[in-house]
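[1] Return a 3D structure for these sequence lines:
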Amino acid sequence: MTSEMDYMLLSGIQHFAFCRRQWALIYIEQQWADNYFTVDGSIMHDKAHDPFFTEKRGKRIVSRAVPVRSERLHLTGECDVVEFLVDPHGVPLFGREGLWQPRPVEYKRGSGGSLEADSLQLCAQAICLEEMLCYRRIDHASLYYGELRRRVDIPLTDELRQTVESMAREMYEVFRRGHTPTVKKTKKCASCSMKEICLPGISRQPSAGAYLARELFGGEGESLWLS
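    Numbering: from 1, shown residues only. Here you go, the predicted structure:
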């Protein structure tokens, strides 16, 4: 039986895909910093997350802020929206007639620049729903991008699922060890809300030994200075 302490936040898989160090700073060290992008994204999610909102539109039920989890992947979190579509091969829902096919919809602020990482998060949500509802397989899900003002259909392929499972295992191992990875500065760092906490540039600075070796021995290397 998996204890509550063994679960990681599902939303973290998107951070983990973007940068392992960013994920560890947020989810292991419990640090956070906002920038324009995170604040704007939070506003969009606040609009989507109304746990008391459920409506029926024809042959579709729309539920918001749906809690999900996977014991197998050690993940827990919320789907912004889950649509349930009439499906003769679907699953029963409490208080509803018929059988229903679940389909998660995740809201994002941008225009698809982080599509790969967003797709991993969406696929993880689908895997959680499948496990919870004993549903055979969710083949498609959707990302709604605020700047595009439209949905992007995401096929939940075997390859995408394998990546999610592999990443979840890696996340859990890092989480269990309580380890914050080091990082090499890249172009992504400029837009990261955690850059002032992470200080990625520091890891690129030479050590004192390397600096002295360069100055005294004309770049022969730190090993010469230390030998």
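[2] what ranges do the helices span in the chain?
    Assigned by DSSP state H, the helices in the chain fall at 12-18, 20-27, 36-48, 115-133, 158-177, 195-198, 208-217, 222-226.
[3] Can you flag the weakest of the ones you listed by average pLDDT?
    Of all those, mean pLDDT reaches its minimum on helix 222-226 (a mean of 42).
[4] what residues go with each domain of this structure?
    Here the domain parsing of the chain from automatic domain parsing is 4-181, 184-227.
[5] among these, which is the most enclosed?
    Ranked by mean neighbour count, the domains of the chain are led by domain 4-181 with a mean of 16 (mean count of other C-beta atoms under 10 Å). Where you see a C-beta, it was placed from the backbone N, CA and C, and this is true even at glycine.
[6] Spit out the contact partners of Met167.
    Neighbouring residues of Met167 by C-beta atoms under 8 Å, 6 or more residues apart in numbering: Ile13, Phe16, Ala17, Leu120.
[7] wouldn't the first one be in contact with Ala124 here?
    Yes. Using C-beta atoms under 8 Å, Ile13 is in contact with Ala124, at 5.3 Å.
[8] shared neighbours, these two?
    Common neighbours of Ile13 and Ala124 (C-beta under 8 Å, 6+ apart) are Leu75, Val164, Ala168.
[9] For the last one, which non-adjacent residue is spatially closest?
    Ranked by C-beta to C-beta, 6 or more residues apart in numbering and with sequence neighbours excluded, the top spatial neighbour of Ala168 is Leu73, at 4.2 Å.
[10] Adding distance to Gly146, write the shared contacts of Ile13 and Ala124 out as JSON lines.
    As requested, the shared contacts of Ile13 and Ala124 are exported to JSON lines (distance: C-beta to C-beta, whole Å):
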{"residue": "Leu75", "distance to Gly146": "25"}
{"residue": "Val164", "distance to Gly146": "24"}
{"residue": "Ala168", "distance to Gly146": "27"}
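[11] which helices and strands sit right next to the top strand by length along the chain?
    Longest strand in the chain by number of residues (criterion: DSSP state E): strand 75-91. In terms of contacts (3 or more C-beta pairs under 8 Å, 6 or more residues apart in numbering; DSSP states H and E), strand 75-91 is packed against strand 8-9, helix 36-48, strand 60-70, strand 100-108, helix 115-133.
[12] Out of these, which gets nearest to Thr186?
    helix 115-133 (14.3 Å; C-beta to C-beta).
[13] Could you give the separation of that closest one from the chain centroid?
    In terms of C-alpha atoms, centre = their mean, to the nearest Å, the centre of helix 115-133 is set 9 Å apart from its chain centre.
[14] Surely Arg72 touches Glu131?
    Yes. With contact defined as C-beta under 8 Å, Arg72 counts as touching Glu131 (6.5 Å).
[15] and the residue nearest to Ser11 when sequence neighbours are not counted, what pLDDT?
    Leaving aside its sequence neighbours, Ser11 sits nearest to Gly77 (C-beta to C-beta, 6+ apart; 5.5 Å). Here the pLDDT value assigned to Gly77 is 96.
[16] for Gly58, same thing?
    Confidence score, pLDDT, at Gly58: 84.
[17] can you check Tyr145 too?
    96.
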